[in-house]
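[1] quick one: sequence and predicted model below, then my questions.
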Amino acid sequence: MTRDFDLESEESQEIADDPRRIGYWFFRALHDRARNLDDLHMIVTPESRPMWGSFEIAAALLDCIEDPGMLQEAVYAHGDLDVCYMRVVREAREHTPAAALDDPLLITLVWRPDHGRWMVHHFGDIVHPDRVPRGA
């Protein structure tokens, strides 16, 4: 999964500009966190890196979900388009109605202009936009 994330390339900038792609990258990287540790550290906010450690807690959370999947949509925080959430659910299917899902785990993402991309801040419960770091 590790690849050069050269923000000069057009494809990399398309990924950086789309929170759904960053969220999915994070989700996929957690499945084999040891192999993807560099990727994981690169796509999380610098302020949250010390709390992630080697991502063992995040990987354990993911492992608690039977047949985990992600919903395709990014849900933006009310009144704040710089913060959004991706839902990780049990047995997600493309046609699963959002209202039918029980207690999804959320990937909290934030747009970081200082890094020129969306970044993951948290995985688990919802984080209010006021508590998400915005950078320098």
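    Arrived safely, thanks for sending.

[2] please make it C-alpha for all contacts and neighbour counts, starting now.
    Will do.

[3] off-centre distance for the helix or strand containing Phe27?
    Phe27 is part of helix 19-30, with elements assigned from DSSP states H and E. Centre-to-centre, helix 19-30 and its host chain are 5 Å apart (CA atoms, centre = their mean, to the nearest Å).

[4] contacts for that helix next, please.
    For helix 19-30, contacts defined as CA atoms under 8 Å, 6 or more residues apart in numbering pick out 1, 15-16, 36-37, 39-40, 43, 55, 58-59, 62, 70, 72-74, 84, 86, 107, 109, 118-120.

[5] just the buried ones from those residues, in ChimeraX syntax?
    Buried residues within the contacts of helix 19-30, by 16 or more other CA atoms under 10 Å, are selected in ChimeraX with:
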select :15,16,36,37,39,40,43,55,58,59,62,70,72,74,84,86,107,109,118,119,120
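
[6] ok, back up a step: next secondary structure after the helix holding Phe27?
    helix 37-43.

[7] if I look at the most centrally placed residue in the chain, what pLDDT would I see?
    In the chain, the centroid-proximal residue (CA atoms, centre = their mean) is Gly23; its distance is 3.3 Å. Each residue has a pLDDT score; the one for Gly23 is 95.

[8] got it, and Glu8?
    pLDDT for Glu8: 53.

[9] low-confidence ranges, this structure, go.
    1-11, 91-103, 136 (pLDDT under 70).

[10] strands along that one, start to end?
    Taking DSSP state E as the test, the strands found in the chain are 68-70, 75-77, 80-90, 105-112, 117-124.

[11] dump the ones you listed to a markdown table, plus distance to Asp130.
    Formatted as a markdown table, the strands of the chain follow (distance: least, CA to CA, whole Å):
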| stretch | distance to Asp130 |
| --- | --- |
| strand 68-70 | 25 |
| strand 75-77 | 10 |
| strand 80-90 | 10 |
| strand 105-112 | 11 |
| strand 117-124 | 12 |
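
[12] wait, which of those strands is closest to Pro50?
    strand 117-124 (11.5 Å; CA to CA).

[13] quick one: residues contacting Ala59.
    30-31, 33.

[14] give me the PyMOL select line for these, limited to the buried ones.
    Per 16+ other CA under 10 Å, the buried members of the contacts of Ala59 correspond to this PyMOL selection:
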select buried, resi 30+33
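
[15] right, I'll call it a day here.
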